[in-house]
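[1] Next comes the sequence, and after it the predicted model I'd like to discuss.
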Amino acid sequence: MKKVLMIGILFLAAAAAFAGDSSGGIEADPKLVGRWEWISMKVLAASIETGSNSSNYILEFISGGGFAVKADCRNGKGTYRTSGGSVVNIGIDSIDDGDCGAGSHANEFIDLLNEGSFIYSFEDGGSTLMIQFANKTGTAIFKSIR
């Protein structure tokens, strides 16, 4: 519980300090467009592995700057834009309320997305998406399921 609380506090502090500028038009990197399955996240000394439940955590970037999210039993949507060729700013517009039960990482996944601003890169020929928190305290890994 302490680790989850610590991760949540880190996300909130980082989001406040490094939130992206939401003004201007939407830019979308076409390499991001598609469905991405969340595999893992490491923040400072804490880490989360989704294991066999990774299909419960999906981030789908849609061309035009929209995205859909599946966080276990919770679904949502929002907008994103890219800048500088390696920064993506994400904003959740709406997400279902709910308690997905013991063992769920829904809240951590939503907290991850609420971070707001990320530095992203691709590995494995574009099939792995790496996103690093703008304050460089952690990294999340996604696999393409296009």
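    It's in.
[2] Name the residue closest to the centre of this structure, please.
    Taking CA atoms, centre = their mean as the criterion, L113 is the residue nearest the geometric centre of the chain, at 3.8 Å.
[3] who's in contact with it?
    L113 is in contact with 59, 69, 78, 90, 92, counting by CB atoms under 8 Å, 6 or more residues apart in numbering. Quick note: C-beta positions are derived from backbone N, CA and C, even for glycine.
[4] Any figure for the gap between the closest residue in space to G34 that isn't next to it in sequence and V88?
    With sequence-adjacent residues excluded and distances taken as CB to CB, 6 or more residues apart in numbering, G34 is closest to R146, at 4.1 Å. Using CB to CB, to the nearest Å, R146 is found at 17 Å from V88.
[5] Comparing these two, which residue is more hemmed in?
    When neighbours are counted by other CB atoms under 10 Å, V88 comes out ahead of the other of R146 and V88, with 24 against 9.
[6] my guess is the more buried one is in a strand, correct?
    Yes. In this structure, V88 lies within a strand as judged by DSSP: H, G, I helix; E, B strand; the rest coil.
[7] List the residues that contact it.
    Taking CB under 8 Å, 6+ apart as the contact definition, V88 lies against 29, 32, 80-82, 117-118, 120, 131.
[8] export the residues you listed to a markdown table and tack on neighbour count, pLDDT and secondary structure?
    As requested, the contacts of V88 are arranged in a markdown table below (neighbours: other CB atoms under 10 Å; pLDDT from 0 to 100; DSSP: H, G, I helix; E, B strand; the rest coil):
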| residue | neighbour count | pLDDT | secondary structure |
| --- | --- | --- | --- |
| D29 | 17 | 82 | coil |
| L32 | 20 | 92 | coil |
| Y80 | 24 | 94 | strand |
| R81 | 19 | 91 | strand |
| T82 | 21 | 91 | strand |
| S117 | 21 | 89 | strand |
| F118 | 24 | 93 | strand |
| Y120 | 18 | 95 | strand |
| I131 | 25 | 94 | strand |
